[in-house]
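here are the coordinates; sequence isn't available:
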């Protein structure tokens, strides 16, 4: 699958899940009359091959759903006026475009600090997509933090690692990274990376970027690495930021469709053109306790996964956190998953294993929850943890 296709599918699938939740559960209760999709670097609406790009796919997703047509306002921005005109023409030609309660808006602003006043405080829940994010897009980390500060606002952006890596070592480009990383961090990176091999450079740059985001209140950014098809190099990262545990759950569920996996189904947050799901779990196997192997070859979030551990580590952590408590599976997951690499199936696997070990009990016995030879665990099942230290 092409890299642009992967990016577009992740955006589209998350947008759909986010919009459904917002419209059905939150926006009406909080008095909002709309929600918004914002694309800050929308492009002309088609790739060089002529295939429709993300804005067209998003609009088609909206137009296929009558509820979306009533609720969603779309805002498309690009600094290139030719792109703006091309995208406007393509979108306004879509069948059913007149059914929208809120016609799409098209703007032509350059991504500089002046745009912050327009998009920093959206009045309604919004999902913002930003592509590309490199040294030419002078968006600050403070701007990114402001985008997700209001209720219901999430952001996915394209982290152009290759451009950023090059800019750190280039005097005329390095200053463009100051708003994103901070001046002191960029200058420190210039000196620190001078003698480092490529894979170590990537690990350091991504770790420092995560730290830069945390400094402005963006906790637990999800970074998804996309590798080149034919070479052992990173193409780019997709970075998801949100203050919502539910939003992180939705994005983890989307990324699970594309991510390589460790042997016990923990996500590696990396797409390397391998099959996913059970087939991928068999083909993409990683030793959990080989520190040199992980540090030299893996996505920085995979290093975090290795540090945290596997399903065995999750089991130990759950026993420690919920010792002596009774909670539903859903409560356990949402109280614990934020800031971890684990997603819902990992929690169910861990709880089923703990049940088999006699460390937890479930309100309905395992033998009555067997489906097609497998023990299942519903979201509403009540799990009771043993009252023990270890």
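It's in. Everything numeric here is computed off the predicted structure, so don't read it as measured data.

where does pLDDT dip in the stretch 201-350 of the chain?
228-232, 273-309 (pLDDT under 70).

let me see the ranges of the helices in it.
245-255, 277-283, 291-297, 300-308, 311-321, 329-336, 344-356 (DSSP state H, counting those that start in this stretch).

how about residues contacting the helix or strand following the last one?
Using DSSP states H and E, the helix or strand that follows helix 344-356 towards the C-terminus is strand 360-362. By CB atoms under 8 Å, 6 or more residues apart in numbering, the list of residues contacting strand 360-362 from outside reads 351, 354, 355, 369, 377, 381, 382, 383, 384, 385, 386. From N, CA and C alone the C-beta is placed, and that goes for glycine too.

next: stretch 327-340.
Contacts for stretch 327-340 (CB under 8 Å, 6+ apart): 219-220, 245-246, 248-249, 252, 308, 314, 317-318, 321-322, 342-344, 347-348, 351, 377-383.

got the buried residues for that stretch?
Buried residues in stretch 327-340, counting neighbours by 16 or more other CB atoms under 10 Å, are found at 327, 329, 331, 332, 333, 334, 336, 337, 338, 340.

for stretch 202-211, same thing?
Quick answer for stretch 202-211 (16+ other CB under 10 Å): 202, 203, 205, 206, 208, 209, 210.

and the strands in the protein?
35-39, 72-77, 105-107, 126-133, 154-159, 222-227, 234-241, 270-271, 326-328, 360-362, 370-371, 374-375, 382-385 (DSSP state E).

residue 172: which of these is closest?
strand 126-133 (18.9 Å; CB to CB).

centroid-nearest residue for the chain?
By CA atoms, centre = their mean, the chain has its centre lying nearest to residue 240, at 3.5 Å.

gap between it and residue 254?
Separation of residue 240 from residue 254 (CB to CB, to the nearest Å): 9 Å.

overlap in contacts of those two?
In contact with both residue 240 and residue 254: residue 14, using CB under 8 Å, 6+ apart.

what about the stretch 51-200 of the chain, any weak spots by pLDDT?
If you take pLDDT under 70 as the line, the stretch 51-200 of the chain has these spans: 111-122, 132-138.

where exactly do the helices run in it?
54-63, 66-71, 81-92, 116-119, 141-147, 161-168, 171-174, 178-181, 183-192, 198-215.
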